[in-house]
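>>> Mind looking at a prediction? Sequence and model below.
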Amino acid sequence: MKRYYLLFFFLIITSFVFAQPAKTIGECTITYTIKIANDTGDAIKTLYIKGKKTRSEVESPSFTQTIIYDNKTGEATILRELNGEKYLSTFNAAQWKEKNKMWEGLKVKLTNESKTILGYNCKKAVAATKTGRSFVMYYTTAFAPSASENPYQFKNIPGLILEYESETGEGKNIMFKATKINFSPVPAAKFEIPTSGYRILEPL
């Protein structure tokens, strides 16, 4: 009888261990390389996550763009630097949803395919837009980010995305692949909106 009790206890503990949800990451910095189809230029994306806010910085030889997004309010700010000029646009939740309307009706299929990125086992997901475009994403279930940089584009992905496809405004395919993850605290100053030095542009 004692043996049965021990076996029962072991099964409960084992089930508890394997049922544990992914560890929530409240602060981290992820660096991605960016490859644009038919473009030989090098670009880098840096994603900062802190609580419910994200900051996504894209640096290329021709321009830089930063998007600061608040998951609580749904508000976003875009900062751009182009040809020596600086521009700032702010979006309320409704405006940001409208700007991301290409992702409305997004259907995500989670597959059993996987590969290793930065030492993490990453599962493959395929997202299909209502226009018929498909985008591949690889995510690790080892972590669950506390905030999404874009809940419209990355809807229903149960983990931290380390590689994904997107497209430019001209319809060119873009590949983002993580090359580094840093779990050190992210300075709160990263999410402060500039009050000067930028030309204000109304959301399109």
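Received it, and whenever you're ready, just let me know what you need. Residues are numbered from 1 along each chain as shown.

>>> give me the low-pLDDT residue ranges for this protein?
For the chain, the stretches with pLDDT under 70 are 1-22, 38-41, 169, 204.

>>> how about the helices in it?
Using DSSP state H, the helices of the chain run over 2-18, 93-99.

>>> Find the nearest non-adjacent residue to residue 95, please.
Using Cβ to Cβ, 6 or more residues apart in numbering and skipping residues adjacent in sequence, the residue nearest residue 95 is residue 203, 4.8 Å away. Placement of C-beta: from N, CA and C, glycine included.

>>> got a list of what the one you found touches?
Contacts for residue 203 (Cβ atoms under 8 Å, 6 or more residues apart in numbering) come out as 89-91, 95, 99.

>>> Those into JSON lines, with extra columns for neighbour count and distance to residue 50?
As requested, these are exported to JSON lines (neighbours: other Cβ atoms under 10 Å; distance: Cβ to Cβ, whole Å):
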{"residue": "89", "neighbour count": "19", "distance to residue 50": "22"}
{"residue": "90", "neighbour count": "16", "distance to residue 50": "19"}
{"residue": "91", "neighbour count": "20", "distance to residue 50": "20"}
{"residue": "95", "neighbour count": "17", "distance to residue 50": "23"}
{"residue": "99", "neighbour count": "16", "distance to residue 50": "23"}
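
>>> Just give me the closest of those to residue 34.
The shortest approach to residue 34 among those belongs to residue 99, at 20.2 Å (Cβ to Cβ).

>>> Residue 200 bridge partners, please.
Per DSSP bridges, the residues bridged to residue 200 are residue 88.

>>> number of nearby residues for it?
The local packing of residue 200 (other Cβ atoms under 10 Å) involves 8 other residues.

>>> my read: residue 27 touches residue 49, true?
Yes: with contact defined as Cβ atoms under 8 Å, residue 27 reaches residue 49; the gap is 6.3 Å.

>>> who touches both of these two?
By Cβ under 8 Å, 6+ apart, the residues touching both residue 27 and residue 49 are 146, 186.

>>> Name the residues of stretch 179-197 that are buried.
Residues of stretch 179-197 classed as buried: 181, 186, 190-191 (neighbour count, 16 or more other Cβ atoms under 10 Å).

>>> thinking again about what came up before, which one of residue 27 and residue 49 has more residues nearby?
Legend: neighbour count by other Cβ under 10 Å for residue 27 and residue 49, higher for residue 49 (23 against 17).

>>> Could you measure from the more buried one over to residue 63?
For residue 49, the distance to residue 63 equals 23 Å [Cβ to Cβ, to the nearest Å].

>>> Now do the same contact list for the residue nearest in space to the middle of the chain.
For the chain, residue 149 is the residue whose C-alpha lies nearest the centre (Cα atoms, centre = their mean; 4.7 Å). In this structure, residue 149 makes contact with 47, 49, 54, 56, 67, 69, judged by Cβ under 8 Å, 6+ apart.

>>> Alright, calling it a day.
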